[in-house]
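K.L.:
Have a look; sequence and predicted model below, questions after that.
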Amino acid sequence: MAGISINTRRSNAAIVRDWAKFTHKDMSDDILDKAFGDGNLLESLDYSVNVQGERVEVVFEHLMYGAFQDMGVSRGGYTFKPNKWYARNISYSFHKLGEIMLRRTGHLGMVRMREAFPEKIHLG
């Protein structure tokens, strides 16, 4: 087994789990650095890793107002300087995951990002 690297012995799911953990930490650190409001955004930031055979899915969740902070939009549609904590981190992280999988397998495979917002928002 001397010719097998540590990356070969680790499953794709294990690599993606580690990636998700570090991505979550990077986003948490960015939220702390920017000191958003009352701490609800940081408290809401969570992730889960679901494995179904060869398919590995990572879901990051946070309060919706975090997306508006990232874009620089406030209530009433007023704009302000964006507090980039999400888009830059997640784009960079997905790029790094693609590089890791490319080195590991010799091809990119299917690394993609999808943003999901609820179809309906119930107020009150």
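P.N.:
On my side now, so go ahead.

K.L.:
give me every residue that touches Ile31.
P.N.:
Contact analysis of Ile31 by Cβ atoms under 8 Å, 6 or more residues apart in numbering lists 41-42, 45, 66, 85. All C-beta atoms are positioned from the backbone trio N, CA, C, and that covers glycine.

K.L.:
again, 10 Å this time
P.N.:
37, 39, 41-45, 62, 66, 69, 83, 85-86, 89 (Cβ atoms under 10 Å, 6 or more residues apart in numbering).

K.L.:
And it, which helix or strand is it part of?
P.N.:
Assessed by DSSP states H and E, Ile31 sits inside helix 12-34.

K.L.:
following that helix, which helix or strand comes up?
P.N.:
Next helix or strand after helix 12-34 toward the C-terminus (DSSP H and E): helix 40-44.

K.L.:
What helices and strands are in contact with the helix or strand following that next one?
P.N.:
Next helix or strand after helix 40-44 toward the C-terminus (DSSP H and E): strand 46-52. When contacts are defined as 3 or more Cβ pairs under 10 Å, 6 or more residues apart in numbering; DSSP states H and E, strand 46-52 sits against helix 12-34, strand 55-61.
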